[in-house]
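Engineer: Predicted model, plus sequence, below.
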Amino acid sequence: MAGEPQADCLFCKIVTGEVPATIVRETDTTVAFRDINPQAPTHVLVIPKVHFRDAAELAAGDPQAMADVLREAGEVAAQEKLDEHGGYRIVFNTGAGAGQTVWHTHAHVLGGRGFNWPPG
Ligand code: AMP
Ligand code: ZN
C-alpha cells in the first residue's frame, strides 16, 4: 500500500534504525541525516517516515508529509546556519536520468558553498 514501509528500501531502514545514519533532526514524520557522499560542506537528506518513490508521489499521496519535509529542510538550514552563507539549495532528483538512485522521497539540503545557475 502507498506509504507503507518497503522491506528492500535503504531509507525505510534508516527510519527504523536498522541502517545507521548521522541523524541531525527527527520529528514524528521526518528524519534528517547527513549524506554519506556529501556534495557541499553541508549536505543533509530530509526524508518522510512514510515510503513514496519521489517528491510528486509524496505530495499527491500525503501532502502533509511533503509539507513536513520542506519545513524540516528549512529547520536544517537554520540549524546549519546556511543563511549566513548566502542561502541553500533544496533538490529532489526525480527519475534515474535526473540522478535519482534511492526510490524513497528525499530532499537534498545543500549549502556552505556557492551554486551555479542553471544547475548541472
Ligand atoms: P539521489 O541520487 O538523489 O537518489 O540521492 C541519494 C543520496 O543518498 C546520495 O546523495 C547518496 O550519497 C545518499 N546515500 C546513499 N546511501 C546512504 C546512506 N547509507 N546514508 C546516507 N546517505 C546515503
Ligand atoms: Zn522507503
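Structural biologist: Structure received. Ligands and ions are numbered 1, 2, ... in the order given.
Engineer: Can you classify the closest residue to Gly99 other than its chain neighbours as helix, strand or coil?
Structural biologist: Computed as Cβ to Cβ, 6 or more residues apart in numbering, the closest residue to Gly99 that is not its neighbour in sequence is Asn93, at 4.2 Å. Where you see a C-beta, it was placed from the backbone N, CA and C, and this is true even at glycine. Asn93 falls in the coil class when you classify it by DSSP: H, G, I helix; E, B strand; the rest coil.
Engineer: For Asn93, give its distance to His85.
Structural biologist: Computed as Cβ to Cβ, to the nearest Å, the Asn93 to His85 distance reads 22 Å.
Engineer: so His109 makes contact with Phe92?
Structural biologist: In this structure residue 109 is Val, not His. No: using Cβ atoms under 8 Å, Val109 is not in contact with Phe92; the gap is 10.9 Å.
Engineer: Among these two, which residue is more densely surrounded?
Structural biologist: Using other Cβ atoms under 10 Å as the criterion, Val109 and Phe92 rank with Val109 on top: 26 against 17.
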